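Q: coords please:
(2 chains)
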Amino acid sequence: MCTLAHVFEAAGLSTVVISSIRDVAERMRPPRVLHAEFPLGLPLGKPRDAAYQHRVLEAAFAMLERPSGPVLVDFPETIQSRGGEPLECPLPPRYDPNLHPAIDEAQALRAAYDRAVAKTGRTSVGRVSNADQIPAALEKFVRIAEGEAWDQVGFEGTPMQVVHDIRAYYEELACELVADEPIPAWGAERWFYDKTEAGKVLLTARRTLKESGADRPIWFFMAPGSRQ
Amino acid sequence: MHDNDQAMREFAKTLALPEFEETAFTKPPPLREARVAIVTSAALHRIDSPKWKVEDFHFETLPHDARDLKLGHLSPNFDRAGFAADMNVVYPVDRLQELSDQGVIGSVANYHYAFAGNQPEGLSALRLDTGPACAQKMREDGVDVVLLTPV
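A: Numbering: from 1, shown residues only, chains lettered A, B, ... in the order given. Here you go, the predicted model:
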């Protein structure tokens, strides 16, 4: 973002960068930076809070009145990502005891996913697996968790790409299941990896791959770096 | 409990960054007259457009009224549910439209733009190719002010 700000400004455009990592903004010195100490991925601060987003934009656009640059201003409010709770989101009871719990769970949550897509008109699922394929994708991670080699289970794409689709499926339906409630920073991530059967399978598969000596890029990006 | 954000901020301190000897500075028109566009590094794309590939350094052109957007950024190291719940927390198109309707900004651009964050070392494509090309498209759209939002 800071590089593009330099390039755009040199081309005759005026720019404001909302920064998430202060060190990078300080070192790169683009013309106008509003540093917002928010969780990464949330440059406007809070989803489903238009008033808060407008306060961030007001602070960003106020920088356009500065007569010269570079200038870096800190947004006066911060949002903590440490120590939050998982999203309060219900999970379905077991339905088919013949299925692995993660596959049973993913199938049972399909209706909520469909409602989410119908409401928002969009989905980030589909990088390599569509919604119909999520249970089968999870079944591959179950096999990896049980010791099968990752390149023998029949992935379309890389594990990281498949995880992207699984997480998008779960996090989009979680946002639907909590209706219009606020989504706390990292709350859906904590819910996914700590509470759902799918998240537990992914973490187990990730540990199995790591311990088996698989290349780091294969397993590391299956979860945030701080996850074990 | 984890604090992935702090870990990523510490990691960023180790990154080599391109150097700019000078900071260009373009004086904008008054905000109430300015035409505003968004450029994000969230690798957004429309549902029916090609998916981002590995080592794919192009930029996407997003019509202002498009809402069928997918998050193409694959990294697990950011809060991904915010975008799922409300795209404006990354890509504030509705907020810009409200500001335009209220007369706070002059107008909203016809198009916004998305880049991928995993650019090649040295960021040469951004500096010499895609960045200037995106700037040219915005100038042709009459844009005065660019809001850059990271993911």
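
Q: what's the closest non-adjacent residue to residue B:113?
A: residue B:39 (4.7 Å; Cβ to Cβ, 6 or more residues apart in numbering or on different chains). All C-beta spots, glycine's among them, are computed from the backbone N, C-alpha and C.

Q: Toward the C-terminus, what is the element adjacent to the host helix or strand of that neighbour?
A: Assigned by DSSP states H and E, residue B:39 belongs to strand B:35-40. Next helix or strand after strand B:35-40 toward the C-terminus (DSSP H and E): strand B:44-46.

Q: Who are the packing partners of the strand holding residue B:39?
A: helix B:93-101, strand B:107-108, strand B:111-114, strand B:145-149 (3 or more Cβ pairs under 8 Å, 6 or more residues apart in numbering or on different chains; DSSP states H and E).

Q: quick one: contacts of it?
A: A:1, A:4, A:8, B:90-93, B:96, B:99-100, B:105-109, B:111-115, B:134, B:138, B:141-151 (Cβ atoms under 8 Å, 6 or more residues apart in numbering or on different chains).

Q: swap the cut-off to 7 Å and go again
A: Strand B:35-40 is contacted from outside by A:4, B:90-93, B:96, B:105-109, B:111-114, B:134, B:138, B:142-149, B:151, using Cβ atoms under 7 Å, 6 or more residues apart in numbering or on different chains.

Q: near chain A, anything from the helix ranked longest in chain B?
A: The longest helix of chain B (DSSP state H) is helix B:130-140. Yes. Using Cβ under 7 Å from any Cβ of the partner chain, helix B:130-140 reaches chain A at B:131-132, B:135, B:138-139.

Q: where does chain B have low pLDDT?
A: Counting by pLDDT under 70, chain B contains low-confidence ranges at B:1-2.

Q: Residue A:179 is in what secondary structure piece?
A: Using DSSP H and E, no helix or strand contains residue A:179.

Q: Also residue A:16?
A: Under the criterion of DSSP H and E, residue A:16 resides in strand A:14-19.

Q: next one: residue A:96
A: Following DSSP H and E, one finds residue A:96 outside all helices and strands.

Q: hmm, back to that, Provide a PyMOL selection command restricted to the buried entries of the contacts of strand B:35-40.
A: Burial among the contacts of strand B:35-40 is assessed by 16 or more other Cβ atoms under 10 Å in any protein chain shown; the matching PyMOL selection reads:
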select buried, (chain A and resi 4) or (chain B and resi 90+91+92+93+96+105+106+107+108+109+111+112+113+114+134+138+143+144+145+146+147+148+149+151)
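
Q: How much space separates the residue most central in space within chain B from residue A:155?
A: For chain B, the residue sitting closest to the mean C-alpha position, by Cα atoms, centre = their mean, is residue B:40 at 1.2 Å. Note on residue B:40: its distance to residue A:155, by Cβ to Cβ, to the nearest Å, is 29 Å.

Q: and what of residue A:4?
A: Residue A:4 is 34 Å from residue A:155, by Cβ to Cβ.

Q: And residue B:16, by the same measure?
A: 33 Å.
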